[in-house]
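>>> Fold the following.
(one chain, ligands or ions: 1)
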Amino acid sequence: MGIQEKTARLNYRLDGPAGAPVIVFGPSLGTDLELFEPQATALSGDFQILRHDLRGHGESEVPDGPYTIGEMAEDVIGLLDELGIDRFSYVGVSIGGAIAQWLGIHHGHRLDALVICASAAQFYDPPSWPQRAAKVRSEGTDFLIESRYGAWFTPEWAERSPEGATRLLNMLRTTPREGYAGCCEAIAAYDLRDRLGEIATPTLVIAGEEDPATPVATVSAVAEGIPGAELLVVAGSSHLVNFEKPHVVSAAIAKHIGAVTIAR
Ligand SMILES: O=C(O)CC1=CCC(=O)O1
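Just a heads-up that it's a prediction; the model follows:
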């Protein structure tokens, strides 16, 4: 980072037994750390679970945008340094998965394992993101709500789990305009397609089979670019795969990260 840049203060929640391996969870655009409630419940017996809000989201600091994925990843490193955590695994969904890739490239020496869910080395249609940023700055996030049916979760799931859908949509409703817009600008500028080969951390990549935002082909390209990475395609899920299919994703995380850390 340049000398002018400073990390933003991230809101976080830490659960699980002191001394257990640490898994850090990074959420997606327009959500907050509650996105990982299913994983915190399932995994906090065996791991320390550190969930954080992104900069400009939840209860984190809201610097003026534009942001970059590098700055957002350094926010995480700043939080870990403050908490005295050296080694960790990182699980990220969507933009959180972009942070995971950046961490793998720049801070691999501190990582045990990575899990990259519903993410990309470059997100779809980069020129559209500054337009979304401008609209959110002027109107807020309400115009996005209806299209999250399908984009974030399958309409069938929302019908079966209306409280779950409401919880997710409330995260979007309450996301600060500047924070959401700053992240859109980070997505517009983000492109790690030529850098994936530098990631040496054991990596699991997870795709939702019905995800229109990061389709299986986009997510597969991440797995293909990272040496030795495994790919899991989850049937019947859209973008927020860890929330729509919590048992499948929690079990896959436990198996992948447990294999690297519990035996240590
Ligand atoms: O919410 C969306 O539109 C899809 C998305 C792209 C990056 C991210 O975190 O979510």
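
>>> Show me which positions of stretch 134-150 end up buried.
135-136, 141, 144, 148-150 (16 or more other C-beta atoms under 10 Å). Where you see a C-beta, it was placed from the backbone N, CA and C, and this is true even at glycine.

>>> number of nearby residues for whichever residue of the stretch 151-264 of the chain sits closest to the ligand?
The nearest approach of the stretch 151-264 of the chain to the ligand comes at Ala213, 3.9 Å away (C-beta to the nearest ligand atom). For Ala213, the neighbour count with other C-beta atoms under 10 Å is 21.

>>> I'd like the buried residues of stretch 134-150 as TSV, with pLDDT and secondary structure appended.
Formatted as TSV, the buried residues of stretch 134-150 follow (pLDDT from 0 to 100; DSSP: H, G, I helix; E, B strand; the rest coil):
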residue	pLDDT	secondary structure
Lys135	98	helix
Val136	98	helix
Thr141	98	coil
Leu144	98	helix
Arg148	97	helix
Tyr149	96	helix
Gly150	97	helix
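
>>> With distance to Val115 as added columns, please give those residues in JSON lines.
Shown next, in JSON lines, are the buried residues of stretch 134-150 (distance: C-beta to C-beta, whole Å):
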{"residue": "Lys135", "distance to Val115": "32"}
{"residue": "Val136", "distance to Val115": "28"}
{"residue": "Thr141", "distance to Val115": "27"}
{"residue": "Leu144", "distance to Val115": "26"}
{"residue": "Arg148", "distance to Val115": "23"}
{"residue": "Tyr149", "distance to Val115": "26"}
{"residue": "Gly150", "distance to Val115": "24"}
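
>>> hang on, Leu103 packs against Asp112?
No. When contacts are counted by C-beta atoms under 8 Å, Leu103 is not listed as touching Asp112 (11.6 Å).

>>> which of these two has more neighbours?
Leu103 (25 against 17).

>>> thinking again about what came up before, look at the residue of the stretch 151-264 of the chain closest to the ligand and tell me its secondary structure.
Under DSSP: H, G, I helix; E, B strand; the rest coil, Ala213 falls in the coil class.

>>> Could you check how far it is from Asp125?
Shown here: Ala213 relative to Asp125, a distance of 11 Å by C-beta to C-beta, to the nearest Å.

>>> How about Arg160?
31 Å.

>>> OK, contacts around the residue of the stretch 151-264 of the chain closest to the ligand?
94, 118, 123-124, 151-152, 238-239 (C-beta atoms under 8 Å, 6 or more residues apart in numbering).

>>> Setting aside sequence neighbours, what's the nearest residue to Thr7?
Spatial nearest neighbour of Thr7, excluding adjacent residues (C-beta to C-beta, 6 or more residues apart in numbering): Gly78 at 3.6 Å.

>>> correction: Gly65
In space, Gly65 is closest to Gly182, 2.6 Å off (C-beta to C-beta, 6+ apart).

>>> And for that neighbour, the neighbour number?
Look at Gly182: counted by other C-beta under 10 Å, it has 27 neighbours.

>>> what's the pLDDT at it?
We have a pLDDT of 98 for Gly182.

>>> The chain should start at 32 in everything you say after this.
Yep, numbering from 32; the last one is Gly213 now.

>>> Shouldn't it be within a helix?
Yes. Per three-state DSSP, Gly213 lies within a helix segment.

>>> Surely it and Glu102 touch.
No. Between Gly213 and Glu102 there is no contact under C-beta under 8 Å: 9.3 Å.

>>> Between those two, which contacts overlap?
With C-beta under 8 Å, 6+ apart, Gly213 and Glu102 have common neighbours Arg86.
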